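S.K.: Quick one, what's the 3D model for this:
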Amino acid sequence: MFLSLPLISKNNHDIFYHGLEFSLVSGFVTDTYTTYKCLDTGKCIETNPISKLYIHNKPLTFIITGISSYVIIALNRAMRKDCKWLSTVTMIVLNTIVWKTVIHNFKVLKEFK
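M.R.: Okay, here's the model as predicted:
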């Protein structure tokens, strides 16, 4: 599917981990979508200095988001081969960051609508 590694295994820990992967990708997509909704109000600006370089191009933004998601998951899965607990903690931290950003975007949208 997304990567060549099996998505579901008999190990519940792996199912939990893959759920974190799905959540992370969903968070990236939701962040990108809500960022554009905020920018479309005309009252918001992109504050991420790297994203400012390409945020004006929606297709490019979604391509970069997809590639970034793939690379993060691939690197984390490689780390997982040596240290499952660290890769799980990393995914939890990344999910926390991305979903806090999404919550912030929704708060901004609510404020400006």
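S.K.: can you list the residues that contact the helix or strand T65 falls within?
M.R.: Per DSSP states H and E: T65 is located in helix 58-82. Helix 58-82 has contacts (Cβ atoms under 8 Å, 6 or more residues apart in numbering) with 2-3, 5, 17, 21, 24-25, 28-29, 32, 36, 51, 54-55, 86-88, 90-91, 94. To be clear about C-beta, it is placed using only N, CA and C from the backbone, and glycine gets the same treatment.
S.K.: Quick check: mean pLDDT of that helix?
M.R.: For helix 58-82, mean pLDDT is 95.
S.K.: Which SSE is immediately downstream of it?
M.R.: helix 84-112.
S.K.: right, and the secondary structure at I55 would be what?
M.R.: The three-state assignment at I55 reads coil, by DSSP: H, G, I helix; E, B strand; the rest coil.
S.K.: does it really touch C38, like I thought?
M.R.: No. Counting by Cβ atoms under 8 Å, I55 does not reach C38; the two are 10.8 Å apart.
S.K.: Out of the two, name the residue with the larger neighbour count.
M.R.: C38 (22 against 18; other Cβ atoms under 10 Å).
S.K.: what about that one, helix or strand, and which?
M.R.: Taking DSSP H and E as the criterion, C38 maps to helix 12-40.
S.K.: Before I go, just wanted to say thanks for your time.
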